[in-house]
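*Asks:* Give me a 3D structure for the following:
(4 chains)
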Protein chains: 2
Amino acid sequence: MRILLADDDDQLQRALRITLAARGYEVVAARDGAEAIDLAANAHPDLILLDLGMPKVDGLDVIRAVRAWSKVPILVLSGRTDSAEKVDALDAGADDYVTKPFAMDELLARIRARARSTSGEADAAAYAIGSLTVDLAAKTIRSTDATGHATSVRLTPTEWRLLELFLKNPGKLLTRQMLLSEVWGPFHANDAGYLRLYVAQLRRKLEPTPSEPRFFLTEPGMGYRFEPGAIEATGA
Amino acid sequence: MRILLADDDDQLQRALRITLAARGYEVVAARDGAEAIDLAANAHPDLILLDLGMPKVDGLDVIRAVRAWSKVPILVLSGRTDSAEKVDALDAGADDYVTKPFAMDELLARIRARARSTSGEADAAAYAIGSLTVDLAAKTIRSTDATGHATSVRLTPTEWRLLELFLKNPGKLLTRQMLLSEVWGPFHANDAGYLRLYVAQLRRKLEPTPSEPRFFLTEPGMGYRFEPGAIEATGA
DNA sequence: GCCGATCCTCACGGACCCCTAACGCCTCCT
DNA sequence: AGGAGGCGTTAGGGGTCCGTGAGGATCGGC
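*Replies:* Numbering: from 1, shown residues only, chains lettered A, B, ... in the order given. I've put the predicted structure just below:
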């Protein structure tokens, strides 16, 4: 669980960083709006804690910029208490709004509530790719072949992000745009070369016969598709 | 958008009901915890506005009961401002917590935020062409024949664009001009040859008997028509 | 400061999709 | 009945996209 902490108040940022780290969260810090947008795109946070009163880019614009490509939960912190600002932030795409000063345990509870709503995909589920068993939470892949010989497959972080998208959308077509935005950030939506490379890596590591993919299928001109079961293709 | 309003305060309930109805929400009201649980199960609300201080069943138990089977957003209203109660409600499964008295426009904004987070799901509109099932979002066409053997049909990007137009205009006549400009752009409105080719492709891949089209019908001199159901031709 | 792993760049061969062209059949008009 | 136009079908070429390999750049750990 990675949290992007965007706040220009040194004291508050240090306090939050310590508290969040103690709860097991990984914290990435930004000091202004531009940095917040950049890190939201490249650091892959699972939640964003955003102070509205930061320099360089207005807080509302940060929300709108992030919402243009991502659905990551955004929790706004602000010293302003007037409801007009709350309404603007929420309607721009924020998911929650907490006014300073706030009780730390309430903030943590609201973070848990937001985290709960996104991880609802039953993460304990084990996915199967042929004879391989994938555990997304533990980041492990084990093989249970006939010999009882247990072998494990190692994936790099980028490969995991890509595989996660495939596993969570079984049978669905994933366009190049969607895959590139999710894995490499919205500013690399045209670098199709990345995809070719990493899909090839996944196939080499996970497909029984990498040259004849059974699970990671190419849809020419559109994108890729993860096909968990065996389905015969008809129609020529 | 249906909202379950669970509050035992007559005055507040009336005010909220009027305000919500004016915004286009459908309101279902409950006066105590037991009724709230019952309506949450049977009225299928899209969001629950829950007052914690209701008789019969404790508010926290209402949250836990609903969360036992449903992920519907729960927005808690409460007069208590101590953070311990907020933490308990949020950790029990509530998605947001507003303390009374509150600004009405803020509450409405928070309702919109919660509604936004759930609206994206379950839009897998499935179309049927004979024994085939088409999912436009996932770009899949599946058929389960009598043997239970699952087969899939693959379409090219251009074929998908054309099929999408047909499916979204069932029974309606689509002129060549309209089809050509939608699929190939307004500069190819005269290249009728494209259409002949790709309609033939769709028929070959989707029609049970391509030489005798049942779904993709030709309207001579005008264009094509997609007929979803089995229609008996009457009249001379 | 060295080393390994990971990520990205670049180029080439091949597959697939889209479009062009031509031919046979049908319907409608004259 | 003859001719014309529209529609369906087939085959083939050009161009774009995809797969693959090697090599350099960058980051973190020891």
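*Asks:* Could you chop chain A up by domain?
*Replies:* Structurally, chain A divides into domains by automatic domain parsing as follows: A:2-118, A:126-226.
*Asks:* wait, which of these is closest to DNA strand C?
*Replies:* Across these, DNA strand C has its closest neighbour in domain A:126-226 (2.9 Å, C-beta to the nearest atom of the strand). All C-beta atoms are positioned from the backbone trio N, CA, C, and that covers glycine.
*Asks:* Is stretch A:83-97 positioned near chain B?
*Replies:* Yes: judged by C-beta under 8 Å from any C-beta of the partner chain, stretch A:83-97 comes into contact with chain B at A:Ser83, A:Ala84, A:Lys86, A:Val87, A:Leu90, A:Asp91, A:Gly93, A:Ala94, A:Asp95, A:Asp96, A:Tyr97.
*Asks:* of those residues, closest to B:Asn190?
*Replies:* Nearest to B:Asn190 among these: A:Gly93, at 44.1 Å, using C-beta to C-beta.
*Asks:* what residues are up against the closest one?
*Replies:* A:Ile63, A:Arg64, A:Val66, A:Arg67, A:Ile74, B:Arg116 (C-beta atoms under 8 Å, 6 or more residues apart in numbering or on different chains).
*Asks:* So what's the residue count around the third one?
*Replies:* The tally of other residues near A:Val66 (other C-beta atoms under 10 Å in any protein chain shown) stands at 24.
*Asks:* Would you tell me which of the domains of chain A gets closest to DNA strand D?
*Replies:* Going by C-beta to the nearest atom of the strand, the one of those nearest DNA strand D is domain A:126-226, 3.5 Å.
*Asks:* start to end distance for stretch A:134-143?
*Replies:* With C-alpha to C-alpha, to the nearest Å as the measure, stretch A:134-143 spans 9 Å from end to end.
*Asks:* repeat for stretch A:78-96
*Replies:* 11 Å.
*Asks:* what do you get for stretch A:212-223?
*Replies:* One end of stretch A:212-223 sits 17 Å from the other (C-alpha to C-alpha).
*Asks:* What are the buried residues along that stretch?
*Replies:* A:Pro213, A:Arg214, A:Phe215, A:Phe216, A:Leu217, A:Glu219, A:Met222, A:Gly223 (16 or more other C-beta atoms under 10 Å in any protein chain shown).
*Asks:* among the contacts of A:Gly93, who's most crowded?
*Replies:* Result: A:Ile74 is most packed of these (other C-beta under 10 Å), 28 neighbours.
*Asks:* I'd guessed that one sits against A:Val66; true?
*Replies:* Yes: with contacts counted by C-beta atoms under 8 Å, A:Ile74 reaches A:Val66, the gap being 6.5 Å.
*Asks:* shared neighbours, these two?
*Replies:* A:Ile48, A:Gly93.
*Asks:* Now do the same contact list for A:Gln13.
*Replies:* The neighbours of A:Gln13, taking C-beta under 8 Å, 6+ apart as the test, are A:Leu5, A:Asp7, A:Ala29.
*Asks:* For those residues, give me TSV that also has neighbour count, distance to DNA strand D and pLDDT.
*Replies:* Formatted as TSV, those follow (neighbours: other C-beta atoms under 10 Å in any protein chain shown; distance: C-beta to the nearest atom of the strand, whole Å; pLDDT from 0 to 100):
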residue	neighbour count	distance to DNA strand D	pLDDT
A:Leu5	24	18	93
A:Asp7	24	22	90
A:Ala29	18	14	89
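*Asks:* Sort out for me which of the residues you listed are in strands.
*Replies:* Using DSSP state E, the members of the contacts of A:Gln13 that fall within strands are A:Leu5, A:Ala29.
*Asks:* on that earlier part again, farthest-apart pair in the buried residues of stretch A:212-223, please.
*Replies:* Based on C-beta to C-beta, the longest span within the buried residues of stretch A:212-223 runs between A:Arg214 and A:Met222 and measures 18.9 Å.
*Asks:* my guess is A:Pro213 meets A:Leu202, correct?
*Replies:* No: shown here, A:Pro213 and A:Leu202 do not form a contact pair, counting by C-beta under 8 Å, at 9.4 Å.
*Asks:* Helices of chain A, start to end?
*Replies:* Assigned by DSSP state H, the helices in chain A fall at A:10-22, A:33-42, A:59-67, A:83-92, A:104-118, A:157-168, A:176-184, A:192-206.
*Asks:* Out of the ones you listed, which is closest to B:Gly193?
*Replies:* Comparing those against B:Gly193 with C-beta to C-beta, the closest turns out to be helix A:176-184 (29.5 Å).
*Asks:* Just name whatever secondary elements the closest one is in contact with.
*Replies:* Helix A:176-184 sits against helix A:157-168, helix A:192-206, strand A:223-226, with contacts defined as 3 or more C-beta pairs under 8 Å, 6 or more residues apart in numbering or on different chains; DSSP states H and E.
*Asks:* tell me which residues of it are tucked away?
*Replies:* Neighbour count says helix A:176-184 has A:Arg176, A:Met178, A:Leu179, A:Leu180, A:Ser181, A:Glu182, A:Val183, A:Trp184 buried, by 16+ other C-beta under 10 Å.
*Asks:* burial measure for A:Asn42, as a count.
*Replies:* Other residues within reach of A:Asn42, judged by other C-beta under 10 Å, total 14.
*Asks:* OK, contacts around it?
*Replies:* A:Gly185.
*Asks:* try the one 4 residues further on
*Replies:* Under the criterion of C-beta under 8 Å, 6+ apart, the neighbours of A:Asp46 are A:Met1, A:Arg2, A:Ile3, A:Val72, A:Pro73, A:Ala115, A:Thr118.
*Asks:* how about A:Pro228, what does it touch?
*Replies:* By C-beta under 8 Å, 6+ apart, the contact set of A:Pro228 is A:Tyr127, A:Ala128, A:Ile129, A:Pro170, A:Gly171, A:Phe215.
*Asks:* Pull out the buried members of the residues you listed.
*Replies:* Buried, going by 16+ other C-beta under 10 Å: A:Tyr127, A:Ile129, A:Gly171, A:Phe215, out of the contacts of A:Pro228.
*Asks:* Closest one to A:Pro55 out of the residues you listed, please.
*Replies:* A:Tyr127 (43.9 Å).
*Asks:* if I read this right, the closest one contacts A:Ala138, doesn't it?
*Replies:* No: between A:Tyr127 and A:Ala138 no contact is recorded; they are 11.9 Å apart, counting by C-beta under 8 Å.
*Asks:* how far away is the nearest residue to A:Val134 once chain neighbours are set aside from A:Tyr198?
*Replies:* Nearest residue to A:Val134, sequence neighbours excluded (C-beta to C-beta, 6 or more residues apart in numbering or on different chains): A:Tyr127, at 4.3 Å. Shown here: A:Tyr127 relative to A:Tyr198, a distance of 18 Å by C-beta to C-beta, to the nearest Å.
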